[in-house]
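**Q** Any chance you could fold what I've pasted below:
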Amino acid sequence: MEFKANCVTWQNVDGVAMLGFADDEFKTKQYLLLQRKAKPDQKERALGMDKVHFELNSQLKSAYGDVEEVQIENQRVVFRLDPATAQTVGNGEDIEIALDLDAKKLKQVADSLYSGPRKLDHRLSY
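**A** Numbers count the residues shown, from 1 in each chain. Got it, this is the predicted structure:
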């Protein structure tokens, strides 16, 4: 699955870290939303809700799972999910997002992906 993101947003609200990529800020047709609670309770852990929640273009294509790898290179972000989550969310495929970012904005996205939950509230539209 591949699409071009013209909007990137990330934030931490009430202990839930969120990262979103969308083709358009207001008329969104394609998007990937990742969410993870910083401190899940025992019930959430028992239900598998202590993992990352992925939503790709629709709640019908959503699941809790793990990110096996994130690659950022050549203005692209590629998410490789665990096999079960990849099948549910992306028909078994990696999710590849083309970005049109300058070096500073790309570093901000990379920092948000590779560091743990932080107090972030940013939106990048280009």
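**Q** Run through the protein and note the low-pLDDT ranges.
**A** For the chain, residues meeting the criterion pLDDT under 70 lie at 100-103, 106, 109-110, 112-126.
**Q** For the protein, which segments are assigned as helices?
**A** 42-46, 83-90, 103-114 (DSSP state H).
**Q** Let me see the ranges of the strands in the protein.
**A** Ranges of strands within the chain are 2-5, 7-13, 16-22, 31-37, 52-56, 62-65, 67-73, 76-81, 95-99, 121-125, based on DSSP state E.
**Q** Just checking: what are the partner strands of the first one?
**A** Taking DSSP bridges as the criterion, strand 2-5 sits next to strand 95-99 (parallel) in its sheet.
**Q** Mind listing what's buried along the partner strand?
**A** Residues of strand 95-99 classed as buried: Ile95, Glu96, Ile97, Leu99 (neighbour count, 16 or more other CB atoms under 10 Å). Yep, even glycine has a C-beta here, placed from its N, CA and C like the rest.
**Q** The residue positioned nearest the centre of the chain: what's it in contact with?
**A** Closest to where the C-alpha atoms of the chain average out (CA atoms, centre = their mean) is Leu34, at 3.5 Å. Each residue near Leu34 by CB atoms under 8 Å, 6 or more residues apart in numbering is listed here: Met18, Leu19, Gly20, Val52, His53, Phe54, Val67.
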